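Chemist: No sequence on hand, only this structure:
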Ligand code: AMP
């Protein structure tokens, strides 16, 4: 027997309409690409999203068409999230940090009809425009006074495009399973793969992420999302903020410690969101200038493992709780978080840091398990570790334009991460399955070693890779970028690690390097290093 309730569709246009009706005066503050701080309200954003919807319709865009963006976190990108998806088109947020060949691949593969780009990316787009197919025009996200000279063809000024349009637009109703946005994974090998989100998956994810056990968003929250809107939908927070009427503070292109702190100081966010590297920059700046984070209560940190030293520094110097989050493009993107609990308040602080270093408990809607290479489920005892598998309504079912399922025979998606699950439900990432070091049949976590190594004051950044070994198949080697003004030796580092990791985990060598390679999303790029150092121990 079916229930007797209405079939209202979960549509992204409904979020901005709701924000306008009930949180009209909630603010959206942006550091613009042009420089000045811009501020307006959800009511303004809703009106301009409707003007944009009218303009897109006049450009001839139809339901299912894809529009690409190359843009920072600002109010104009926010309008695109709602204006484009609201009319049934798909917003393909392209990560400008990718290599030109990957950008070309994505823009062509997504079949983008128009590109909406920030001033910062005009030259970048000029450099690849000859290899792009089917682009009817490029809209520059600025006003007439700031329009650049460019060799790009069919260029339109964003403010001109929407200025003449009516603020009235009736958002169409359609199936909530309609595609809304498209984000490509930035894998280290092979072509990027597209994850095509739906209105339903996006709204469910935003709803879940805003609940008390995760980001705890309400109309009293002031959020500074440094996590980019050009990757993983800024963890869904633009949608969640519209749902709850939370104030948004967008940092635009200025992500250095001084600029981020300037915004924190003036706009008083209580919730920060972003990857660890950004917070390293901020914490370093605060240390140098002897300042503290007074308004901030929580920092949701994910995308890569948050080091213990960062958890500790946020807590002890700034009274900020670091909530560790984990997820991936294929998961909309968040799946777990270590939110603050009453039990944590009563814990010994070191035990609490242990817990905060874990990636957290699954949100409602996400099923999670671990399995061995044969697919046999492993015990959730905090000891066994294996491939981390997930399923749920916010997880990819197949990649864009692929006719193969991304799920295994039992409906699980293999995250490519290796993890433990503790009896009380906390998940702990051990490594990426391709990065884990297989030494004599046992696994060594490169992430654990890196996190421990960065606790040494002389270490700026650490990277552990497995290299070939005659007896043990693979052994760990530690690459280190020294901290500014520090000059640690190999013995200092090994001595420091000695009582912190199992003896057989100790790296076989420590190599000092000037810098480490990163992917476009700020993760260590280990594939090249593995190639470079493959025979390092054998030839030594
Ligand atoms: P992306 O799709 O670019 O967001 O990358 C997703 C991957 O980043 C995950 O599969 C993990 O390997 C890694 N990752 C994300 N969050 C964390 C975290 N909190 N700790 C460790 N690794 C993480």
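Modeler: Yes, it's here. For clarity, every value in this text was computed on a predicted model and none was experimentally measured.
Chemist: near the ligand, which residues of the stretch 401-540 of the chain show up?
Modeler: 415, 416, 417, 429, 432, 521 (C-beta under 6 Å from any ligand atom). The way it works is simple: take the backbone N, C-alpha and C, and place the C-beta from them, glycine included.
Chemist: Please enumerate the helices of the stretch 301-450 of the chain.
Modeler: 308-318, 342-345, 349-357, 446-453 (DSSP state H, counting those that start in this stretch).
Chemist: Count the neighbours of residue 473 for me.
Modeler: Number of residues near residue 473 (other C-beta atoms under 10 Å) recorded here: 13.
Chemist: now swap in residue 117 and tell me
Modeler: Residues near residue 117, counting by other C-beta under 10 Å: 24.
Chemist: residue contacts, residue 425?
Modeler: 361, 362, 380 (C-beta atoms under 8 Å, 6 or more residues apart in numbering).
Chemist: The second one contacts residue 337, correct?
Modeler: What that stands for is residue 362. No. Using C-beta atoms under 8 Å, residue 362 is not in contact with residue 337; the gap is 9.2 Å.
Chemist: Look at the two and report which has more neighbours.
Modeler: residue 337 (22 against 19).
Chemist: Now for the more buried one: which residues touch it?
Modeler: 213-215, 300, 302, 323-326, 359-361, 363.
Chemist: Who is it paired with across the strands?
Modeler: With DSSP bridges as the criterion, residue 337 is bridged to residue 325, residue 361.
Chemist: going forward, begin numbering at 852 instead of 1
Modeler: Sounds good: first residue 852 from here, last item residue 1188.
Chemist: pLDDT score assigned to it?
Modeler: The model reports residue 1188 with a pLDDT of 97.
Chemist: Could you report the separation of it from residue 1236?
Modeler: 20 Å (C-beta to C-beta, to the nearest Å).
Chemist: can you check residue 1014 too?
Modeler: For residue 1014 relative to residue 1236 (C-beta to C-beta), the value is 56 Å.
Chemist: Between the two, which is the more surrounded one?
Modeler: More neighbours surround residue 1236 than the other of residue 1014 and residue 1236, with 20 against 13 (other C-beta under 10 Å).
Chemist: Ranking the helices of the stretch 1152-1301 of the chain by mean neighbour count, which comes first?
Modeler: By mean neighbour count, with neighbours taken as mean count of other C-beta atoms under 10 Å, helix 1297-1304 ranks first of the helices of the stretch 1152-1301 of the chain at a mean of 22.
Chemist: That one: what's the following helix or strand?
Modeler: strand 1310-1320 (DSSP states H and E).
Chemist: That following strand: how far from the chain's middle?
Modeler: Relative to its chain's centre, strand 1310-1320 lies at 24 Å (C-alpha atoms, centre = their mean, to the nearest Å).
Chemist: contacting residues around that strand?
Modeler: 1286-1290, 1295, 1297-1298, 1300-1301, 1304-1305, 1325-1335, 1337, 1339, 1344, 1358-1359, 1367, 1375, 1377, 1380-1381, 1384-1389.
Chemist: Could you check the helix or strand following that strand and say which residues are buried?
Modeler: Using DSSP H and E, the next helix or strand after strand 1310-1320 towards the C-terminus is strand 1324-1333. By neighbour count with 16 or more other C-beta atoms under 10 Å, strand 1324-1333 contains the buried residues 1325, 1326, 1327, 1328, 1329, 1330, 1331.
Chemist: you'd agree the fifth one is up against residue 1357?
Modeler: Same thing as residue 1329. No. Shown here, residue 1329 and residue 1357 do not form a contact pair, counting by C-beta under 8 Å, at 9.1 Å.
Chemist: what does the helix ranked longest in the chain rub up against?
Modeler: For the chain, the helix that runs over the most residues, judged by DSSP state H, is helix 893-909. With contact meaning C-beta under 8 Å, 6+ apart, helix 893-909 is reached by 867-868, 870-871, 874-879, 918, 926, 929-931, 933-935, 937-938, 940, 1012-1014, 1016-1020, 1022, 1093, 1096.
Chemist: now residue 1333: how far from residue 994?
Modeler: Residue 1333 is 45 Å from residue 994, by C-beta to C-beta.
Chemist: whoops, residue 1090 was the one
Modeler: From residue 1090 to residue 994 the distance is 26 Å (C-beta to C-beta).
Chemist: So between those two, which is more surrounded?
Modeler: When residue 1090 and residue 994 are compared for neighbours, residue 1090 comes out ahead with 27 against 14, by other C-beta under 10 Å.
Chemist: what sits against that one?
Modeler: Residue 1090 neighbours (C-beta under 8 Å, 6+ apart): 863, 866, 932, 1053, 1054, 1056, 1057, 1084.
Chemist: Tabulate those (TSV), appending pLDDT, neighbour count and secondary structure.
Modeler: Shown next, in TSV, are the contacts of residue 1090 (pLDDT from 0 to 100; neighbours: other C-beta atoms under 10 Å; DSSP: H, G, I helix; E, B strand; the rest coil):
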residue	pLDDT	neighbour count	secondary structure
863	98	31	helix
866	98	27	helix
932	98	26	helix
1053	98	25	helix
1054	98	24	helix
1056	98	29	helix
1057	98	27	helix
1084	95	26	helix
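Chemist: which one among those residues gets closest to residue 1241?
Modeler: residue 1056 (13.0 Å; C-beta to C-beta).
Chemist: Test my guess that that closest one contacts residue 1087.
Modeler: Yes. Residue 1056 lies in contact with residue 1087 (C-beta under 8 Å); the separation is 4.9 Å.
Chemist: Show me the shaky parts of the stretch 902-1051 of the chain.
Modeler: Residues of the stretch 902-1051 of the chain meeting the criterion pLDDT under 70: 1038-1040.
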